[in-house]
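>>> Give me a model of this one.
(chains A, B, C and D)
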2 protein chains.
Amino acid sequence: MSRPPVAREKVLAAFAAIVADEGEQAATMEAVAARAGVSKGGLLYHFGSREALVEGLVERLLADGEADVADMRAAPEGAVAYYLSTSADSPRELNELYVAASRITQTGADSARQALAHIEAQWLRALEEAVGDDRLAQLLAVVGDGLYLHAIRGDQRRAVELWRTIAPVVTSLLDARRSGGGPA
Amino acid sequence: MSRPPVAREKVLAAFAAIVADEGEQAATMEAVAARAGVSKGGLLYHFGSREALVEGLVERLLADGEADVADMRAAPEGAVAYYLSTSADSPRELNELYVAASRITQTGADSARQALAHIEAQWLRALEEAVGDDRLAQLLAVVGDGLYLHAIRGDQRRAVELWRTIAPVVTSLLDARRSGGGPA
DNA sequence: GTCTATATTGCGATAGAC
DNA sequence: GTCTATCGCAATATAGAC
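Have a look, this model is predicted:
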């Protein structure tokens, strides 16, 4: 348990990668096996079914999500900037898992939906602590979701472009609110 | 052309409905035919392939999208409120088409991606005209995308909930900006 | 643990009657 | 214009050798 077989990890990484950049339908057992460098039979030794593959991905998403929330709280640029910039373009492996899970959501895997909701709730809590206003935090979370929508659609360039454009607006709005107190 | 057969329309509506609320994989030719009340052969008379079905949906999305942009510009509550509230919960048929197209995007249909980009560009232009600031307009567009992400994931209740929560924040931010001029 | 078959199912698409 | 019947294929999963 503490040291799962290497092949298993490679299979999981291949599955996440194909789902994230070609879609779930492209991630057939054969395609995943080929990308991981094993045979179909070899894959099925580690993951007895396609569903098991999805479950494995969900488990890793939850684990990596916890780590990301910790990074977010400790980020020098602040939790808000960390959250939004990584929503548009996360260099880390979490992005691939998140995009993959978001796509899998659409073919009925309820565990993926729950895992995403779990992580999003934690991101939201960290945002609340950072801005001190739960409704503003929800707005920021929605902005992150909007950036992610483009990443999920496979247009990460557009997501990054959008983030660059709106970042100063978000900053100025937060500043204005902090200094002025703001209505409502 | 001006009066396409009724069966064709019913098939298209069934396809959009199944994709929107059960996912694209569930929308098999047989399932679509059953929901539309025709046989598989009957369906294939109108749409010779699955791809033709997708193209038909894209065409309707573009037509309905134009109509929505017109409604948005004419909305009594203002273009921003119209856009964001309908992002969370559009009572109209457009929502189904938009969600369906967003899902289809993930199985490689490039025409769906292009159609969505086309409509989104028009929404953005209408937002720009309403708020008089192109970067703020992009931020609002991203907020709409974020609300839609939840609708696309099949959790429209959550999308509506989020909109109710953040609506006053958006309003107050817009007001503050309008009266104060705002930095940047 | 990993491989090469192979069984099985479900889908898109065709053919041709009505 | 709509139907029934059927072909061909691709994908999941199994069986059993190595």
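>>> The one helix or strand A:D68 maps to close to DNA strand D?
In the assignment (DSSP states H and E), A:D68 maps to helix A:50-74. Yes: contact of helix A:50-74 with DNA strand D (CB under 7 Å from any atom of the strand) involves A:50-51. In short, each C-beta sits where N, CA and C put it, glycine included.
>>> what sits against the closest residue to A:R50 other than its chain neighbours?
Leaving out its chain neighbours, the residue that sits closest to A:R50 by CB to CB, 6 or more residues apart in numbering or on different chains is A:M29, at 6.6 Å. By CB atoms under 8 Å, 6 or more residues apart in numbering or on different chains, A:M29 lies in contact with A:40, A:43-44, A:50.
>>> mind listing the helices for chain A?
A:6-22, A:29-36, A:40-46, A:50-74, A:79-88, A:93-104, A:110-131, A:134-152, A:156-180 (DSSP state H).
>>> and these as JSON lines, adding mean pLDDT?
Below are the helices of chain A laid out as JSON lines (pLDDT from 0 to 100):
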{"stretch": "helix A:6-22", "mean pLDDT": "94"}
{"stretch": "helix A:29-36", "mean pLDDT": "97"}
{"stretch": "helix A:40-46", "mean pLDDT": "96"}
{"stretch": "helix A:50-74", "mean pLDDT": "96"}
{"stretch": "helix A:79-88", "mean pLDDT": "92"}
{"stretch": "helix A:93-104", "mean pLDDT": "92"}
{"stretch": "helix A:110-131", "mean pLDDT": "96"}
{"stretch": "helix A:134-152", "mean pLDDT": "95"}
{"stretch": "helix A:156-180", "mean pLDDT": "89"}
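>>> what's the closest of these to B:A7?
helix A:93-104 (32.6 Å; CB to CB).
>>> circling back: out of the contacts of A:M29, who has the most neighbours?
Scoring these on neighbours with other CB atoms under 10 Å in any protein chain shown, the highest-scoring entry is A:L43 at 23 neighbours.
>>> Now do the contacts for it.
Going by CB under 8 Å, 6+ apart, the list of residues near A:L43 reads A:11, A:29, A:32-33, A:36.
>>> Same check on A:L57?
A:12, A:15-16, A:19, A:97, A:100-101, A:104, A:112.
>>> and which of these is nearest to DNA strand D?
A:F15 (10.3 Å; CB to the nearest atom of the strand).
>>> these two touch, right, that closest one and A:A26?
No: with contacts defined as CB atoms under 8 Å, A:F15 does not count as touching A:A26, sitting 10.8 Å away.
>>> More neighbours: those two, which one.
The neighbour comparison of A:F15 against A:A26 (other CB under 10 Å) goes to A:F15, with 27 against 14.
>>> Identify the residues contacting the more buried one.
A:27, A:32, A:36, A:53, A:56-57, A:100.
>>> DNA strand D contacts on chain A?
Counting by CB under 7 Å from any atom of the strand, chain A sits next to DNA strand D at A:28-30, A:40-41, A:44, A:48-51.
>>> What are the structural domain limits within chain A?
A:1-48, A:58-180 (automatic domain parsing).
>>> I'd like the ones you listed laid out as JSON lines, including distance to DNA strand C.
Shown next, in JSON lines, are the domains of chain A (distance: least, CB to the nearest atom of the strand, whole Å):
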{"stretch": "domain A:1-48", "distance to DNA strand C": "2"}
{"stretch": "domain A:58-180", "distance to DNA strand C": "12"}
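>>> could you dump those to CSV with distance to B:S179?
Below are the domains of chain A laid out as CSV (distance: least, CB to CB, whole Å):
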stretch, distance to B:S179
domain A:1-48, 44
domain A:58-180, 11
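>>> Pick the most deeply packed of the ones you listed.
domain A:58-180 (a mean of 19; mean count of other CB atoms under 10 Å in any protein chain shown).
>>> Just the terminal-to-terminal distance for that one.
Terminal residues of domain A:58-180 are spaced 43 Å apart (CA to CA, to the nearest Å).
>>> What of stretch A:33-40?
Span of stretch A:33-40 from end to end, CA to CA: 5 Å.
>>> Grab the most central residue of chain A for me.
When CA atoms, centre = their mean is applied to chain A, the residue found nearest the centroid is A:Y98 (2.7 Å).
>>> pretty sure that one is touching A:L116, no?
Yes: A:Y98 is in contact with A:L116 according to CB under 8 Å; the separation is 7.5 Å.
>>> Now do the shared contacts for these two.
Common contacts of A:Y98 and A:L116 (CB under 8 Å, 6+ apart): A:L61.
>>> Pull the most distant pair out of the contacts of A:L57.
A:L12 and A:A112, at 14.1 Å, using CB to CB across the contacts of A:L57.
>>> if I pick the residue nearest to the centre of chain A, what's in contact with it?
A:61, A:65, A:90, A:116, A:119, A:148.
>>> residues in contact with the closest residue to A:A31 other than its chain neighbours?
Ranked by CB to CB, 6+ apart and with sequence neighbours excluded, the top spatial neighbour of A:A31 is A:I18, at 5.9 Å. Counting by CB under 8 Å, 6+ apart, A:I18 makes contact with A:26-27, A:31-32, A:35.
>>> repeat for A:A126
Contacts of A:A126 by CB under 8 Å, 6+ apart are A:69, A:72-73, A:79, A:83.
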